[in-house]
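In: Dropping a prediction and its sequence here:
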Amino acid sequence: MLVFSQRAARRRARAAAVAEALGLLHDLEPSAPAGGPLSERGGVFWVELPERHLTAAAARLPQLGYSTAVDLLVGAGPAAATAAVRWRGRRWRLERLHTEDPAGHRERAPDRRGFLVEAGDGRVREVRGYRGDGAPLGRRGLPVCDARLLVNLVAPAGPGWLLDPFAGVGGVALEARAAGWAVVTADLDPALRHGLDRLGGAHLVADAGRLPLRGGSVDAVATEPPYDGQVGPLAGRALAEAHRVLRPGGATAWLCAAWQAPGLRATAAGLGLGVALDAPVDRKGLPVVALAWRKPA
């Protein structure tokens, strides 16, 4: 059994954290039991998998977004001095398998990364910590943990091509490439094309609701649409387009504002998408919802 410790800033998003871990480890026969050790501590959850998959699982743990540490539960034997916890009437100890590197995580944050932006005069320059143009729809930085969550939620559909139709400054693209995906980014703002091109893969200056991609050409779609109310039903149109370009059996994950969630749910139901996750996320007081679906094979 693996014991996952949730990120403090996403501690209320337990369902999303569990879904992320199961997605990341999807082919290693994981399961998430309802109870486990240290339940009185809070901020933890548990994943069971066969021992033969432990090495493979440990290699993937640095890709986690909503968990910062993972321990392996090991029988402690009769010596009480070695026991870290008591569970199911036995003594156990915890062996640390993974601890997040906070410095490395911080350096991948959008306010630390350099990004190429085209100015109004046509000159391209690198901006560190680019956050958009200050307009209501111009804030483009997705926290690293949220980008990783989205990528891990669609992991069962990979490896293959992953599309982010609201790419912004490329947080999802960066984490998807690190996880082994080939990436397609799209954004309507042409000023971002140089920065997104540098992240690798293919980039499109395009409306998320009208993508120049053939049907069934990508394996996964992971994205965060603009939250501002001015965009109206844009997210729903983009989800319908994502459904079109997804291959049968593909997966999609969205982090949306709470007000957008009902429309996305209705659109997904109308498209026949199968629900994989629908869970609230409190992001520093901003109510958002993590949604994930699978397209029927």
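Out: Structure's in. What do you need?

In: Enumerate the positions of the helix or strand of the chain with the lowest mean pLDDT that are buried.
Out: Least confident helix or strand of the chain, by mean pLDDT, DSSP states H and E, is strand 85-87 with a mean of 83. Within strand 85-87, the residues that qualify as buried by neighbour count (16 or more other CB atoms under 10 Å) are Val85, Trp87. C-beta here means a position set from N, CA and C on the backbone, and glycine is covered the same way.

In: Next, report how far it is displaced from the centre of its chain.
Out: Average the C-alpha atoms of strand 85-87, do the same for its chain, and the two points are 32 Å apart (CA atoms, centre = their mean, to the nearest Å).

In: Mind listing residues that contact that strand?
Out: Strand 85-87 has contacts (CB atoms under 8 Å, 6 or more residues apart in numbering) with Gly36, Pro37, Leu38, Leu73, Arg91, Trp92, Arg93, Leu94.

In: Now flag whichever of these is closest to Val275.
Out: Nearest to Val275 among the contacts of strand 85-87 is Gly36, at 25.1 Å by CB to CB.

In: Looking at the contacts of strand 85-87, which is nearest Leu22?
Out: Distances from Leu22 to these, taken by CB to CB, are shortest for Gly36, at 14.4 Å.

In: ok, now which ones touch that closest one?
Out: Here Gly36 is in contact with Met1, Val3, Val44, Phe45, Trp46, Leu73, Trp87 (CB under 8 Å, 6+ apart).

In: Kindly recompute the last result at 6 Å.
Out: Trp46 (CB atoms under 6 Å, 6 or more residues apart in numbering).

In: quick one on the thing from earlier: what mean pLDDT does the helix or strand just after the least confident helix or strand of the chain get?
Out: Counting by DSSP states H and E, the element after strand 85-87 in chain order, helix or strand, is strand 90-99. Across strand 90-99, the average pLDDT comes to 90.

In: Note down every partner strand of strand 90-99 and its orientation.
Out: Applying DSSP bridges, strand 90-99 is found paired with strand 67-75 (antiparallel), strand 85-87 (antiparallel).

In: contact partners of the helix or strand that that strand is followed by?
Out: Following strand 90-99 in sequence order, the next helix or strand is helix 102-107 (DSSP H and E). For helix 102-107, the external contacting residues (CB under 6 Å, 6+ apart) are Val144.

In: Take the contacts of strand 85-87 and write them to a markdown table, including distance to Ala58.
Out: Below are the contacts of strand 85-87 laid out as a markdown table (distance: CB to CB, whole Å):
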| residue | distance to Ala58 |
| --- | --- |
| Gly36 | 18 |
| Pro37 | 19 |
| Leu38 | 19 |
| Leu73 | 14 |
| Arg91 | 23 |
| Trp92 | 18 |
| Arg93 | 17 |
| Leu94 | 14 |
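
In: Please indicate which of these has the highest neighbour count?
Out: Within those, most neighbours by other CB atoms under 10 Å means Trp92, with 22 neighbours.
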